[in-house]
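Undergrad: take this sequence and fold it.
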Amino acid sequence: MNKNRKISLQLVIFAVLIVVAGYLAFTCNQAEDKGIIKVGAILPLTGNMASLGESGQNGLILAQKYINDENLLKGGKKIEFVFEDGKGIPAISISALTHLTEVQNIDIIFSIVSAVDLSLVPKQKEKGFLFISHATHPSLSDVNDLFFRHSPTVTQEFALLKRYIGLDSALTILLHTSDDYGDALAREFGRDNFIAKENILAFNISDQNFRGVCSKIIHKKPYRVVIGGNGKELYQLVNILREQGYKNEIITTLGFKVGGAFNQLKEPSNLSYIDFKDSDPDEKYNRIQADYKKMFGKDMTISEMIFFNSALLITEAINKCAREGGIKDIARQLATMESFEGLGETITISASNDILPDIDIFSVKDKKIKQ
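TA: Below you'll find the model as predicted:
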């Protein structure tokens, strides 16, 4: 009997120890979860927009290291970016979003590519997560209080191009991609007949057979051609136009440069392109630039810097929350920031929740870049 009692007591103690150990493990895991702020990033890591995704991913990897190494988050918290490959395709990106929000329970999401971000807007409204877009489409402005956009806009690009083209618009042709971005750009150019309808031509980037549309342009003999779109394959348009004898100026929108097409050109002369404006580097800039080169073996561009600064911006908003705030508190802090000194840019947020970087038109004359 005593022996049985002793065994029973041992079993009870063993069971209590298991419960206590389980509780401690659970509370430790909770504490660990509370100490890490996870941010999801849906990027085109493969496909014809992979260079955009790579820039975003590299910028966020650098930001994660910098924020955590410098202990920029209050309370000893750390930030972690969780990446999903949306391939630049809306349907795949929606599935990636579902995995981030429903499986990983992440409620801060970064993304890029206009078509993708437009497709995610209904889900964002339904689920109510904090969304930081890095796409240009005009419809991504003033979506709701939890939606922000850190990118130049189509309207901003058009204003720059309109001022640059000036009175030569009648002799200018717009060649744009058949997607949400390209269609939005075409509407801007067609407004008030700035460029005649017959001089606005669309093409499908997935065809990758641009000789037909280039022949149409050569036949029209324009003074200038504007190429609007995103993607590495766009370089073929410039190369084919030059091969077919077009020697006049070609202007490209921001997606040409940041999408990787510029670096594929055979002959960049007499080309103008929209790009981000560099600011004067300081000690901090040089140090972070050196860290980036050490990590990735190349210089950091403004494209990576935009994502890096979005991470810093989120960090600052989290720190400004008076208590353990939710995403609404974080969004409120973002919206009320008057300005923020990021890396290489002074960040200001408009009433429409747009965070607009400085852009300009640069020209290649005799293979030398001029502003």
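Undergrad: ok, residues contacting stretch 348-360?
TA: 141-143, 145, 147-153, 156-157, 160, 254, 274-277, 302, 306, 310, 313, 334-335, 337-340, 345, 347, 371 (Cβ atoms under 8 Å, 6 or more residues apart in numbering). Placement of C-beta: from N, CA and C, glycine included.
Undergrad: can you check stretch 112-121 too?
TA: 42-44, 49, 52-53, 56, 86, 88-91, 93-94, 97, 109, 111, 131, 133-137, 139-140, 143, 147, 151, 179-181, 184, 230.
Undergrad: which ones among the contacts of stretch 348-360 map onto helices?
TA: Judged by DSSP state H, those include 156-157, 160, 254, 302, 306, 310, 313, 334-335 as members of helices.
Undergrad: export those to a markdown table and tack on neighbour count and pLDDT?
TA: Formatted as a markdown table, the ones in helices among the contacts of stretch 348-360 follow (neighbours: other Cβ atoms under 10 Å; pLDDT from 0 to 100):
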| residue | neighbour count | pLDDT |
| --- | --- | --- |
| 156 | 19 | 90 |
| 157 | 22 | 93 |
| 160 | 17 | 95 |
| 254 | 25 | 91 |
| 302 | 24 | 81 |
| 306 | 26 | 92 |
| 310 | 26 | 96 |
| 313 | 21 | 94 |
| 334 | 23 | 92 |
| 335 | 15 | 91 |
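Undergrad: just for the stretch 201-350 of the chain, where's the confidence low?
TA: 208, 279, 323-325 (pLDDT under 70).
Undergrad: now do the helices in it.
TA: 211-220, 235-243, 254-258, 283-296, 302-320, 327-336 (DSSP state H, counting those that start in this stretch).
Undergrad: list the buried ones in the fifth one?
TA: Neighbour counts using 16 or more other Cβ atoms under 10 Å place 302-318, 320 of helix 302-320 among the buried residues.
Undergrad: got a markdown table for the helices of the stretch 201-350 of the chain, with distance to residue 356 too?
TA: Formatted as a markdown table, these follow (distance: least, Cβ to Cβ, whole Å):
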| stretch | distance to residue 356 |
| --- | --- |
| helix 211-220 | 31 |
| helix 235-243 | 27 |
| helix 254-258 | 12 |
| helix 283-296 | 20 |
| helix 302-320 | 11 |
| helix 327-336 | 14 |
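Undergrad: if we compare the ones you listed, which one ends up closest to residue 105?
TA: helix 327-336 (12.1 Å; Cβ to Cβ).
Undergrad: buried residues in the closest one?
TA: Applying 16+ other Cβ under 10 Å to helix 327-336 flags 327, 329-331, 333-334 as buried.
Undergrad: tell me which of those residues is nearest to residue 214?
TA: residue 334 (43.9 Å).
Undergrad: doesn't residue 319 make contact with the closest one?
TA: No: using Cβ atoms under 8 Å as the test, residue 334 is too far from residue 319 to be in contact (11.8 Å).
Undergrad: if we can go back for a sec, closest to residue 78 out of the helices of the stretch 201-350 of the chain?
TA: Of the helices of the stretch 201-350 of the chain, nearest to residue 78 by Cβ to Cβ is helix 302-320, at 10.7 Å.
Undergrad: mind checking how far the residue nearest the centre of the chain is from residue 152?
TA: For the chain, residue 134 is the residue whose C-alpha lies nearest the centre (Cα atoms, centre = their mean; 3.4 Å). Relative to residue 152, residue 134 is positioned 10 Å away (Cβ to Cβ, to the nearest Å).
Undergrad: now stretch 275-284: buried residues?
TA: 275-276.
Undergrad: same question but for stretch 206-214, I mixed them up
TA: 210, 213-214.
Undergrad: roughly how far is that stretch from the heart of the chain?
TA: The chain centre lies 27 Å from the centre of stretch 206-214; the measure is Cα atoms, centre = their mean, to the nearest Å.
Undergrad: what's in contact with that stretch?
TA: By Cβ under 8 Å, 6+ apart, stretch 206-214 touches 48, 175, 201, 203, 233, 236-237, 240-241, 244, 246.
Undergrad: looking at those residues, which one is closest to residue 298?
TA: Among those, and counting by Cβ to Cβ, the member closest to residue 298 is residue 48, at 20.7 Å.
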